[in-house]
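[1] Fold the following and give me the result.
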Amino acid sequence: MSLEAIKYTRGELRIIDQLKLPHESIYVDIKSSKDGYYAILNMVVRGAPAIAIVAALSLAVELETLRGKLSEYTVHSIEEHIAKALDYLNASRPTAVNLSDAVTKLKAAVAKEAAREGSSVHSMINVYQARAEDMLDADVADNRNIGDFGAEWLSKTVAGKEKISVLTHCNTGSLATAGYGTALGIIRSLWSSKSLVHAFCTETRPYNQGSRLTAYELVHEGIPATLITDSMVAAIMQMKKVDAVIVGADRVVANGDTANKIGTYQLAILAKYHGVKFVVAAPTTSIDMKTAHGKDIHIEQRVWHEVVKVSGPRVDEIVGDRLALDLKHIHTISTAAHGIGVFNPSFDVTPAELIDAIVTEKGVALKDAEGRFHLDALTTTLN
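    Take a look at the predicted model:
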């Protein structure tokens with residue numbers, strides 16, 4: 001069973017604290033848009049689809065608390081309140097397009113209700129909450145479709161093999177979405193259809209989403225998997241241990257250039273050299289048809305100290321194949337020379353020419369004879 005990283009009922013939102021993983025599974029309450037903003041900014045929740053869902057639902061919970069104060073608002077003032085809160089949430093992390101896409105759609109739904117004759121503050125809140133909840137439900141269904149489409153395409157495309165081994169980067173599973181996952185959803189579908197031999201996951205420096213989160217999900221579901229450092233990818237490809245690389249996306253632009261976790265670009269280069277299929281898995285909400293090329297994507301720069309420190313529980317001893325941990329003592333240690341400069345972009349951009357397929361909930365996008373993606377066919381109703 002997939003992890004439930006987002007637990008929501010109307011008026012209550014709880015999310016798993018990804019900063020505590022993989023050693024502790026602790027849920028935190030999100031009671032307002034401010035709570036949502038800081039959970040996203042501080043990476044308590046991360047992953048483009050999950051960020052959008054948590055942002056939308058955090059405001060839904062906040063609005064529920066206002067029901068006892070409806071006399072203080074008019075239709076106009078509640079619309080302003082919602083718009084201001086959405087703009088605030090949208091500033092939490094700028095690279096992922098899912099968040100801005102959700103903000104645009106939620107604003108439009110609220111504006112339409114505000115213009116309706118007979119609308120009220122009560123109906124405005126109802127419309128917002130219903131739309132945000134629809135996004136949660138739709139994301140889970142979309143992820144399952146991505147998983148099935150991707151697994152089917154890979155099974156047909158990797159020649160001469162009934163079962164394949166894959167590599168993934170960062171975390172794109174239940175922890176990064178409303179449930180099931182995008183790239184990890186494809187791995188789940190391959191496993192459930194008995195088409196997967198093995199999965200490799202990269203450590204994903206500097207935040208270690210692969211070792212902390214993806215490894216946690218793979219172990220949870222009993223999928224045979226191996227953790228490697230980011231610098232080991234070329235070696236295992238040279239040893240022909242990988243048939244396909246499957247990654248997620250924070251933003252796919254009109255020509256297919258894809259922004260994803262830092263390190264994705266180098267994986268695509270290695271895959272191209274070694275003849276390994278390179279697949280991007282993303283819902284159509286991650287496709288930005290308003291941006292033509294990857295060079296126009298704004299890349300978030302993270303704080304310097306994320307690169308030069310690491311945190312975790314104290315290791316008391318090594319017992320066989322396990323570490324004996326003291327979870328009461330969490331330490332942060334320095335890993336670099338004092339005074340060294342640091343470059344810490346959160347994402348890089350993989351050019352479309354290095355991508356073999358973009359898998360969405362609507363199907364698999366492939367390049368034409370001239371090597372071009374035509375993503376507009378997938379997004380005509382969305383952009």
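
[2] was I right about Asp101 contacting Ala282?
    No: the pair Asp101 and Ala282 fails to qualify as a contact (C-beta atoms under 8 Å) at a distance of 11.8 Å. All C-beta spots, glycine's among them, are computed from the backbone N, C-alpha and C.

[3] and these two? which has more neighbours close in?
    Set Asp101 next to Ala282 and count neighbours by other C-beta atoms under 10 Å: Ala282 wins out with 29 against 22.

[4] For the more buried one, which non-adjacent residue is closest in space?
    Ala249 (3.9 Å; C-beta to C-beta, 6 or more residues apart in numbering).

[5] check contacts around Ala39.
    15, 28, 30, 45, 54, 58 (C-beta atoms under 8 Å, 6 or more residues apart in numbering).

[6] State the distance from Asn126 to Ala271.
    48 Å (C-beta to C-beta, to the nearest Å).

[7] An error on my part: the question was meant for Pro94.
    Taking C-beta to C-beta, one finds Pro94 at 28 Å from Ala271.

[8] Mind checking which of the two has more residues around it?
    Ala271 (24 against 16).

[9] Identify the residues contacting the more buried one.
    Ala271 touches 237, 245, 277-278, 354, counting by C-beta under 8 Å, 6+ apart.

[10] Surely it forms part of a helix?
    Yes: assessed with DSSP: H, G, I helix; E, B strand; the rest coil, Ala271 lies in a helix.

[11] and it, what pLDDT?
    At Ala271, the model reports a pLDDT of 98.

[12] Gly47 now?
    88.

[13] Touching, it and Asn260? I think so.
    No: distance between Gly47 and Asn260: 10.9 Å, which falls outside the contact criterion (C-beta under 8 Å).

[14] Common neighbours of the two, please.
    In contact with both Gly47 and Asn260: Gly248, using C-beta under 8 Å, 6+ apart.

[15] Ser123 versus the residue sitting nearest the centre point of the chain, what's the distance?
    In the chain, the centroid-proximal residue (C-alpha atoms, centre = their mean) is Gly47; its distance is 2.4 Å. Applying C-beta to C-beta, the value for Gly47 to Ser123 is 32 Å.

[16] By residue count, which strand of the chain is the longest?
    Counting residues, the longest strand found in the chain (DSSP state E) is strand 322-334.

[17] which phi and psi does the residue nearest to Ala282 have?
    With angles defined as degrees, to the nearest 10, Ala249 sits at phi -160, psi 140.

[18] ditto for Ser165
    phi -110, psi 140.

[19] buried ones in stretch 225-233?
    225, 228, 230, 233 (16 or more other C-beta atoms under 10 Å).

[20] same thing with stretch 84-102?
    Applying 16+ other C-beta under 10 Å to stretch 84-102 flags 85-86, 88-90, 92-102 as buried.

[21] Just the C-alphas of it, formatted as PDB.
    The C-alpha coordinates for stretch 84-102 follow below in PDB (Å, rounded to 0.1, in the frame of the first residue of the first chain):
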ATOM      1  CA  LYS A  84      -3.900  37.600  -1.500                       C
ATOM      2  CA  ALA A  85      -3.300  34.300   0.300                       C
ATOM      3  CA  LEU A  86      -2.800  32.500  -3.100                       C
ATOM      4  CA  ASP A  87      -0.300  35.000  -4.200                       C
ATOM      5  CA  TYR A  88       1.600  34.500  -0.900                       C
ATOM      6  CA  LEU A  89       1.600  30.800  -1.300                       C
ATOM      7  CA  ASN A  90       2.700  31.000  -4.900                       C
ATOM      8  CA  ALA A  91       5.900  32.800  -3.800                       C
ATOM      9  CA  SER A  92       7.000  29.900  -1.600                       C
ATOM     10  CA  ARG A  93       8.900  28.000  -4.300                       C
ATOM     11  CA  PRO A  94       9.000  29.600  -7.800                       C
ATOM     12  CA  THR A  95      10.300  26.800 -10.200                       C
ATOM     13  CA  ALA A  96       7.500  24.300 -10.100                       C
ATOM     14  CA  VAL A  97       4.700  25.200 -12.400                       C
ATOM     15  CA  ASN A  98       2.100  23.100 -10.700                       C
ATOM     16  CA  LEU A  99       1.700  25.700  -7.900                       C
ATOM     17  CA  SER A 100       1.200  28.600 -10.200                       C
ATOM     18  CA  ASP A 101      -1.200  26.600 -12.300                       C
ATOM     19  CA  ALA A 102      -3.200  25.700  -9.200                       C
END
